[in-house]
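> here is a sequence with its predicted model. Questions after.
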Amino acid sequence: MMRLYKTDALVLRVRDFSEADRIVTLYTYSRGKVQAIAKGSRKTKSRKRGAVQPFTYGNFLLYQGRSLDTITQCEPKESFSHLREDLVKLAYSTYLTELVDGFTAEGEPNEQVFLLLLTTFYLLLKDNPGLLVRAFELKLLNILGYCPQLESCVHCHGPVAGNAAKVRFSSRLGGVLCDECSGHDPFATTIQMGSLKTMQQLLKWDIRRLQVLKVPEERQQEIAAILRHYIDERIERKLKSTVFLDTVLQ
């Protein structure tokens, strides 16, 4: 196996390692999540400095190590600097990268995850961040096999009454419940049927088409709360970025 490899990657996270170096968490096109050291990248004149900023999309040449790879060369393709300069977009982008980091394991390539994150970064430069992020959450969960069941009852797999005004959603069981099965989770949340239908649309639609979807703010907030609780159940920890995001959006 060749220890030197080249791949496109997105920077998920960066942390200082020493006076001169940084540890970079990359999500690569060919190898999935990778931890790598960027030697000298904290130095002002380092060529690597710009390429290892959070959210940067670039082409990386890495040397595979036992526990930590080494970035030997990096060429940025898109810095996504606007995502770091706008506080709301910074908060959302940080949340997206922590989601990917939290739901993926090292060395498990998934081209769909890479392309979803890259596309969402481009769309964040112009689109409604809230609705876009809701679509990202659902699509990421779907790709990785964690998607909530939205089309039929998660317990009996029967139909959910389409003419009802409201429906029960169980984060613990993993989806919607029909009237007959609603007692199987006393902590299930009641949501508007319109919110469920919007979630179905967000999951099915091409993420690049979302600008034509008009969703009331109240419904967006309900979907955000449902998915927050659902994700917390699956990832089994509180994401640090949600505190920053909530503070910014207040």
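It's in.

> okay, now the domains of this structure?
Domain ranges of the chain: 4-79, 82-147+188-249, per automatic domain parsing.

> for this structure, which spans come out with low pLDDT?
Where the chain drops to pLDDT under 70, the residues are 1-2, 127, 162.

> centroid residue for it?
The C-alpha lying nearest the average C-alpha coordinate of the chain belongs to residue 96 (Cα atoms, centre = their mean; 3.6 Å).

> list the buried residues in the longest strand along the chain.
Counting residues, the longest strand found in the chain (DSSP state E) is strand 4-16. Along strand 4-16, these residues count as buried under the neighbour rule (16 or more other Cβ atoms under 10 Å): 5, 7-14. C-betas here are computed from N, CA, C, even on glycine.

> list the strands paired with it, with their directions.
Partner strands for strand 4-16, per DSSP bridges, with pairing direction: strand 22-28 (antiparallel), strand 57-63 (antiparallel).

> let me know the outermost residue of the chain.
For the chain, the residue at maximal distance from the C-alpha centroid (Cα atoms, centre = their mean) is residue 180, at 33.7 Å.

> residues of stretch 108-118 that come out buried?
When burial is assessed from 16+ other Cβ under 10 Å, stretch 108-118 yields the following buried residues: 109-110, 113-114, 116-118.

> and those as JSON lines, adding distance to residue 18?
Conversion of the buried residues of stretch 108-118 to JSON lines gives the following (distance: Cβ to Cβ, whole Å):
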{"residue": "109", "distance to residue 18": "29"}
{"residue": "110", "distance to residue 18": "31"}
{"residue": "113", "distance to residue 18": "30"}
{"residue": "114", "distance to residue 18": "29"}
{"residue": "116", "distance to residue 18": "33"}
{"residue": "117", "distance to residue 18": "28"}
{"residue": "118", "distance to residue 18": "30"}
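
> where do the strands of this protein begin and end?
4-16, 22-28, 32-38, 57-63, 69-78, 166-170, 175-177, 189-192.

> can I get these in JSON lines with distance to residue 207?
Supplementary listing: the strands of the chain in JSON lines, determined by distance: least, Cβ to Cβ, whole Å:
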{"stretch": "strand 4-16", "distance to residue 207": "16"}
{"stretch": "strand 22-28", "distance to residue 207": "17"}
{"stretch": "strand 32-38", "distance to residue 207": "20"}
{"stretch": "strand 57-63", "distance to residue 207": "17"}
{"stretch": "strand 69-78", "distance to residue 207": "17"}
{"stretch": "strand 166-170", "distance to residue 207": "22"}
{"stretch": "strand 175-177", "distance to residue 207": "21"}
{"stretch": "strand 189-192", "distance to residue 207": "22"}
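
> for residue 215, find the nearest of these.
For residue 215, the closest of those is strand 189-192, at 11.5 Å, according to Cβ to Cβ.

> which strands and helices lie in contact with that closest one?
Taking 3 or more Cβ pairs under 8 Å, 6 or more residues apart in numbering; DSSP states H and E as the contact definition, the neighbouring helices and strands of strand 189-192 are strand 166-170, helix 217-235.
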